[in-house]
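>>> Quick one, what's the 3D model for this:
(one chain, ligands or ions: 1)
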Amino acid sequence: MSQQSSGAAGGRGLRIAHLYPELLNLYGDSGNMLVLKSRLEWRGLGCQIVEVGIDDRPSFSDVDIVFIGGGTDREQKIVCQKLLAEREELHSFVEDGGVLAAVCGGYQLLGDYYLLGDEKVQGLSLVDLYTDRGEPRLIGNVAVQSRISPQPIVGYENHGGRTHLGSDVEPMGKVLYGHGNDGTTGEEGCLYKNVVGTYVHGPLLPKNPGVADYLLSRALERKYGNGELEPLDDRAELAANKIMYDRMMAGKVPER
Ligand code: GLN
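Presented below is the predicted three-dimensional model:
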């Protein structure tokens, strides 16, 4: 396990566990860590990022946010075997209101299983969902309307998996452009307690500061009983978000 820390006046801050960055880091998913860290530091809050390697046995008892990125099917299979050993700890973390953000391959692992042809890759069963495969791969830019972000969430998706939510699981939002969970329901991602699962790479957080602040605010609320966040100057982030969104809406990016 390797750690990076930055201190904070008054000692307030968050500890973030980044699971298996050497295997699960598609389309810059690890960049999400920089966003969480920067947005804490810009507010004078501390941040400790713990990179959890595949042979580490982490404890989640002092962790505030867990992040799992996306990966290829091959990498997912490797990770999943290891991750199942942490299932009970992760389950308690989630049920206790711990913040968990998972992208694409990581999102699929939150569910009961990922069906790859005849092979069933066992999931963590943290959220009532499952994933099977479909053709073609769902690839392209994506925009999602969600209650966790004041702006549409924009990014990029590339998955063969089709994720199906249990009837009590709320989607992260409605697909405005692109494919989402399975290309047919118009739903994208999942929300369960303080878990956010999504197919949105990009990475997710740089152009979607609302999502970053949602995660930080939920974690601060759980830890300190107050999730209020000082506003930041997000002009650059919001301009990047708007350019992508406008291009999608104007049909200037090819939808595949
Ligand atoms: N391997 C998974 C799929 O193809 C997830 C891919 C990803 O993380 N982008 O569905």
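>>> Excluding residues flanking it in the chain, which one is nearest S149?
Among residues not flanking S149 along the chain, G210 sits closest, at 3.4 Å (C-beta to C-beta, 6 or more residues apart in numbering). Any C-beta I mention is one placed from the backbone N, CA and C, and that applies to glycine too.
>>> Identify the residues contacting the one helix or strand the one you found maps to?
Per DSSP states H and E, G210 falls inside helix 209-224. Under the contact criterion C-beta atoms under 8 Å, 6 or more residues apart in numbering, helix 209-224 has outside partners 12, 14, 32, 35-36, 39-40, 45, 64-65, 97-99, 101, 146, 148-151, 153, 194, 196, 204-205, 226-229, 232, 234, 237-238, 241.
>>> For the ligand, what's its nearest residue on the stretch 1-150 of the chain.
Residue of the stretch 1-150 of the chain nearest the ligand, by C-beta to the nearest ligand atom: G70 (2.5 Å).
>>> Report how many residues lie close to the nearest residue to that residue once chain neighbours are set aside.
Excluding the flanking residues, the one nearest G70 by C-beta to C-beta, 6+ apart is C104, at 3.2 Å. Other residues lying near C104 total 28 when counted by other C-beta atoms under 10 Å.
>>> gap between the helix holding G210 and the chain center?
13 Å (C-alpha atoms, centre = their mean, to the nearest Å).
>>> again with stretch 142-156
13 Å.
>>> Return the set of buried residues in that stretch.
If you call a residue buried by 16 or more other C-beta atoms under 10 Å, then stretch 142-156 has these buried ones: V142, A143, V144, S146, I148, S149, Q151, P152, I153, V154, G155, Y156.
>>> Those in strands, which ones?
Among these, DSSP state E puts V142, A143, V144, S146, I153, V154, G155, Y156 in strands.
>>> quick one, strands of the stretch 101-250 of the chain?
Counting by DSSP state E, counting those that start in this stretch, the stretch 101-250 of the chain has strands at residues 113-116, 119-122, 129-146, 153-165, 173-177, 187-188, 190-192, 195-198.
>>> Among the buried residues of stretch 142-156, give me the pair with the biggest separation.
Greatest spatial distance in those: I148 and Y156, 18.6 Å, computed using C-beta to C-beta.
>>> and the direction of the strand or helix carrying I78 versus that of strand 153-165, what angle?
Here I78 sits within helix 73-83, counting by DSSP H and E. For helix 73-83 against strand 153-165, the angle by axes from the mean of the first three to the mean of the last three C-alpha atoms, to 10 degrees is 70 degrees.
>>> quick revisit: any chance of the strands of the stretch 101-250 of the chain in CSV with mean pLDDT and distance to E75 as columns?
Listed next are the strands of the stretch 101-250 of the chain as CSV, based on pLDDT from 0 to 100; distance: least, C-beta to C-beta, whole Å:
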stretch, mean pLDDT, distance to E75
strand 113-116, 94, 12
strand 119-122, 93, 11
strand 129-146, 97, 15
strand 153-165, 97, 13
strand 173-177, 97, 26
strand 187-188, 98, 22
strand 190-192, 98, 21
strand 195-198, 98, 17
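>>> out of those, which comes closest to S92?
strand 195-198 (13.2 Å).
>>> That closest one: partners in the sheet, and parallel or antiparallel?
If you go by DSSP bridges, strand 195-198 pairs up with strand 99-103 (parallel), strand 190-192 (antiparallel).
>>> quick one: it near the ligand?
No - Strand 195-198 lies out of reach of the ligand by C-beta under 6 Å from any ligand atom, never closer than 10.7 Å.
>>> buried sites along that strand?
For strand 195-198, by 16+ other C-beta under 10 Å, it's V195, V196, G197, T198.
>>> Kindly report the same for stretch 96-116.
98-114, 116.
>>> near the ligand, which of those show up?
Intersecting the buried residues of stretch 96-116 with the contacts of the ligand gives C104, G105 (criterion: C-beta under 6 Å from any ligand atom).
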